[in-house]
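>>> coordinates only, no sequence provided:
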């Protein structure tokens, strides 16, 4: 019985070691893949129309879900924030609460999660299907670098689109808070805008949100193109890659948000 338990323990350790070794190898390949994207980005930008097309695909086609989600989240913030501030006689500070919540935190994070779900999964599916149908192999045979032609434009399209989408999300969210707080509930309009302008700092609030959204764009775009490029060339393999893109992107966004927020608040 003891020998059987010892053998089971050895097998468990071997399995954990194998998984850890595979994870480290894959992480190293992802790092090298990122460096290759940066190296071949110059070739990609020479065909600027490819990057512009990917900005349209990743950014403009994600605009509807970003705007609608931002509007409703701003309206919810306005409603919940008014109920909370009213208890302390500070309902005029509703604009500050809505603006700071969106520019510092909710705007970049929620926009990135929506971007990963919509655009990130689509990028992974597109590159994964190109690999499954051997289009990437055909490019190699024709002396066309698939990273410069396929991967880099999609990566930079996502990186450029993400801060713009987050800014639009926050702007529409503030408008949603205005609709609920001022138009629906009746908070003084002058106090709503004046306190917002006086309390929201460009450097510590708006700029930090832009930095967050840029970092999230890099992380989500890299995960999306890597999972597509590394997908097993089968229907099940592409499906698993899409699933990993959404899961890993969400985890990366939340982890990076904590790290970035820690550094940003330390500088205040």
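Received it, and whenever you're ready, just let me know what you need. Predicted model, so just to flag it, every value in this text is computed and none were measured. Numbering: from 1, shown residues only.
>>> quick one: residue 53 and residue 249, what's the gap?
Using C-beta to C-beta, to the nearest Å, residue 53 is found at 22 Å from residue 249. All C-beta atoms are positioned from the backbone trio N, CA, C, and that covers glycine.
>>> my error: substitute residue 99 in the last question.
Distance, residue 99 to residue 249, by C-beta to C-beta: 27 Å.
>>> sorry, back to before: the more surrounded of residue 53 and residue 249?
Taking neighbours as other C-beta atoms under 10 Å, residue 53 and residue 249 compare with residue 249 leading, 26 against 14.
>>> off-centre distance for the one helix or strand the more buried one maps to?
Here residue 249, judged by DSSP states H and E, is contained in helix 235-266. How far helix 235-266 lies from its chain's middle: 7 Å, per C-alpha atoms, centre = their mean, to the nearest Å.
>>> what residues sit buried inside that helix?
Buried residues in helix 235-266, counted by 16 or more other C-beta atoms under 10 Å: 238, 241-242, 244-246, 248-250, 252-253, 256-257, 260, 264.
>>> look up the closest residue to residue 136, ignoring the ones flanking it.
Leaving aside its chain neighbours, residue 136 sits nearest to residue 146 (4.5 Å; criterion: C-beta to C-beta, 6 or more residues apart in numbering).
>>> that neighbour reaches residue 140, doesn't it?
Yes - the pair residue 146 and residue 140 qualifies as a contact (C-beta atoms under 8 Å) at a distance of 6.5 Å.
>>> re earlier: pick the one among the buried residues of helix 235-266 closest to residue 190.
Closest approach between the buried residues of helix 235-266 and residue 190, by C-beta to C-beta: residue 264, at 30.4 Å.
>>> so what's that closest one closest to, chain neighbours aside?
Nearest-residue entry for residue 264: residue 208, 4.8 Å, with adjacent residues in sequence omitted and distances by C-beta to C-beta, 6+ apart.
>>> report the angle between the helix or strand encompassing that neighbour and helix 235-266.
Per DSSP H and E, residue 208 falls inside helix 208-229. Angle of helix 208-229 versus helix 235-266, following axes from the mean of the first three to the mean of the last three C-alpha atoms, to 10 degrees, is 160 degrees.
>>> let's check: the centremost residue of the protein is which one?
Nearest residue to the geometric centre of the chain (C-alpha atoms, centre = their mean): residue 112, 3.0 Å.
>>> wait, what's in contact with the nearest residue to it once chain neighbours are set aside?
Nearest non-adjacent residue to residue 112, counting by C-beta to C-beta, 6+ apart: residue 216, 3.8 Å away. Counting by C-beta atoms under 8 Å, 6 or more residues apart in numbering, residue 216 touches 108-109, 112, 115, 162, 166, 253, 256-257.
>>> again with residue 177
Residue 177 neighbours (C-beta under 8 Å, 6+ apart): 74-75, 77-78, 81, 94-95, 98-99, 102.
>>> give me the pLDDT value at it.
We have a pLDDT of 91 for residue 177.
>>> give me the neighbour count for the spatially closest residue to residue 244 that is not a sequence neighbour.
Residue nearest to residue 244 in three dimensions, not counting chain neighbours: residue 227, with 5.3 Å by C-beta to C-beta, 6+ apart. By other C-beta under 10 Å, 27 other residues sit near residue 227.
>>> quick check, residue 227 in contact with residue 126.
No - contact criterion C-beta under 8 Å: residue 227 and residue 126 do not qualify, at 11.4 Å.
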